[in-house]
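# Provide a 3D model corresponding to the input given below.
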Amino acid sequence: QSITGVGFQPDWTWTKYRNDTYGHRLIDAVRGATKELYSNNDGAESTTATGLTSFDSDGFTLGSSSGVNHNNGTYVSWNWKAGTTSGLTTNGTTTITPTSYSFNSTAGFSILKYTGNGAAGAYVAHGLGTTPAMIIVKKTSGSAGWFVYHQKLQSTYNIYLNTTDAEFGGAYVYSPDATNFRLRDHNDVNQNSETYVAYCFAEKKGYSKFGSYTGNGNANEPFVYLGFKPAMVIYKRASDGTNNWSIFDNKR
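Have a look, this model is predicted:
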């Protein structure tokens, strides 16, 4: 089945079966169509030949896998465009240059595939030209959690994408600047010779915002100012309790 109407050729598609319990599937053009990761578990990358089979000029094509194309199943997909696959900027502190990548500095988004070197404090080039506000890292060659750096978490803290856990210290992914971000010498993010993917995001005025707010328990509060009307909102209780991640969008 060909899915059209995206408006561009996506480089990252995140899709979810809405009326069944199949996992969230994340597929990107850097790792290749049919290469799936599941954001709700810590499993390694898998190949599903009948999943998302190609990224097309206005969307994507699906095979018969029930996770993405069950008969009469209802689905949602969120799509991002990167597209620049050469000219990644590095500097004298860069110690890991991604083996393949795609970035869009205008939209503030990059996809990086890199090989770990096992070194403490490794510097990975991200291609955005400005400091990322959020970074998601996942080991693809083995089981490991999804590590999220966010600029509004406590300093040296990360949070897991695949669990309900609160933020935790010890920063596996940390200290981004305009060229690189850093990795702890841990097997989950930087094991020597193992492969990983990173999704990096920078704030762009009127397009994206990465912030935090404090709840007050009132029915219509608080108002969170973004400077634009969002199409998609992702939030997670971070500092003091275990709660699910939630995603809202203007299509559902």
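
# tell me which element Thr21 is part of?
Counting by DSSP states H and E, no helix or strand carries Thr21.

# one more: Asp188?
With DSSP H and E as the test, Asp188 turns up in helix 187-190.

# pull out the buried residues from that helix.
Neighbour counts using 16 or more other Cβ atoms under 10 Å place Asp188, Val189, Asn190 of helix 187-190 among the buried residues. For the C-beta atoms, the positions are set from N, CA and C on the backbone; glycine is no exception.

# ok, so of those residues, who is nearest Asn19?
Set against Asn19, the nearest of the buried residues of helix 187-190 by Cβ to Cβ is Asp188 (32.9 Å).

# surely the closest one meets Gly145?
Yes. Counting by Cβ atoms under 8 Å, Asp188 does reach Gly145; the two are 6.1 Å apart.

# mind listing the shared neighbours of these two?
Here Asp188 and Gly145 share no contacting residue, scored by Cβ atoms under 8 Å, 6 or more residues apart in numbering.

# the strands in the stretch 1-150 of the chain, which residues?
Counting by DSSP state E, counting those that start in this stretch, the stretch 1-150 of the chain has strands at residues 2-4, 12-17, 25-28, 35-38, 46-47, 52-56, 59-62, 75-80, 100-104, 109-115, 122-125, 134-139, 147-150.

# now do the longest one against strand 75-80, angle only.
Angular relation of strand 109-115 and strand 75-80 on a 0 to 180 degree scale: 90 degrees, by axes from the mean of the first three to the mean of the last three Cα atoms, to 10 degrees.

# what are the pairing partners of strand 109-115, and which direction each?
strand 100-104 (antiparallel), strand 195-201 (antiparallel) (DSSP bridges).

# how about the second one?
Partners of strand 12-17 in the sheet, by DSSP bridges, are strand 25-28 (antiparallel), strand 75-80 (antiparallel).

# and the angle from it to strand 52-56?
Going by the same axes, to 10 degrees, strand 12-17 is angled at 130 degrees with respect to strand 52-56.

# buried residues, strand 12-17. List them.
Quick answer for strand 12-17 (16+ other Cβ under 10 Å): Trp12, Thr13, Trp14, Thr15, Lys16, Tyr17.

# quick one: which of these is nearest Val173?
Nearest to Val173 out of the buried residues of strand 12-17 is Trp12 (Cβ to Cβ; 18.0 Å).

# roughly how far does Leu226 sit from Lys204?
According to Cβ to Cβ, to the nearest Å, Leu226 and Lys204 sit 12 Å apart.

# what's the most buried one of the strands paired with strand 12-17?
Comparing the strands paired with strand 12-17 by mean neighbour count (mean count of other Cβ atoms under 10 Å), strand 25-28 comes out on top with a mean of 25.

# then it to CSV, C-alphas only?
The C-alpha atoms that make up strand 25-28 are tabulated as CSV, following Å, rounded to 0.1, in the frame of the first residue of the first chain:
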residue,chain,number,x,y,z
ARG,A,25,7.9,1.3,14.9
LEU,A,26,10.6,3.7,14.0
ILE,A,27,12.2,3.5,10.5
ASP,A,28,14.6,5.9,8.9
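
# who's the nearest residue to Gly73 once chain neighbours are set aside bridged to?
Nearest residue to Gly73 in three dimensions, chain neighbours excluded: Tyr17, at 5.7 Å (Cβ to Cβ, 6 or more residues apart in numbering). With DSSP bridges applied, Tyr17 shows beta-bridge pairing to Tyr75.
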